[in-house]
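Colleague: turn this into a structure:
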Amino acid sequence: MGLFMDAAQWDKIDKLAQQIEKLSAQVERLAQENTALNEKVAKLEQQVNALLQK
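Modeller: As a prediction, the model looks like this:
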């Protein structure tokens, strides 16, 4: 490839960079959802344990 790339190569790089940005945003959103779900599970486990101790 070298230092000089044609417009098609730059276009492909730009499209890949855009895909990376979109995927990064999706990963961040999914990580947040996962954290929220883990917190809900922990609360439910506490409730179950409290009920079992009664």
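Colleague: most centrally placed residue in this structure?
Modeller: Val27 (1.2 Å; C-alpha atoms, centre = their mean).
Colleague: how distant is the strand or helix carrying Asn38 from the center of its chain?
Modeller: Per DSSP states H and E, Asn38 falls inside helix 7-53. How far helix 7-53 lies from its chain's middle: 3 Å, per C-alpha atoms, centre = their mean, to the nearest Å.
Colleague: quick check, pLDDT for Glu45.
Modeller: Here the pLDDT value assigned to Glu45 is 98.
Colleague: er, Leu3 actually
Modeller: 67.
Colleague: again with Asp14
Modeller: 96.
Colleague: and for it, the neighbour number?
Modeller: 10 (other C-beta atoms under 10 Å). Heads up, the C-betas are built off the backbone N, CA and C, glycines and all.
Colleague: let me see the contact set for it.
Modeller: Contacts for Asp14 were tallied using C-beta atoms under 8 Å, 6 or more residues apart in numbering; there are none.
Colleague: any idea how far it lies from Ala7?
Modeller: 10 Å (C-beta to C-beta, to the nearest Å).
Colleague: with Ala31 instead?
Modeller: Distance from Ala31 to Ala7, by C-beta to C-beta: 36 Å.
Colleague: of these two, who's got more company?
Modeller: Higher neighbour count among Ala31 and Ala7: Ala31, with 10 against 7, using other C-beta under 10 Å.
Colleague: which SS class is Phe4?
Modeller: Secondary structure for Phe4, judged by DSSP: H, G, I helix; E, B strand; the rest coil, is coil.
Colleague: next, count neighbours for it.
Modeller: Neighbour tally, Phe4, other C-beta under 10 Å: 6.
Colleague: any idea how far it is from Leu30?
Modeller: From Phe4 over to Leu30 (counting by C-beta to C-beta), the distance is 39 Å.
Colleague: now do Lys43
Modeller: 20 Å.
Colleague: one more: Ile13?
Modeller: 26 Å.
Colleague: now swap in Val48 and tell me
Modeller: Taking C-beta to C-beta, one finds Val48 at 26 Å from Leu30.
Colleague: do Gln19 as well
Modeller: 16 Å.
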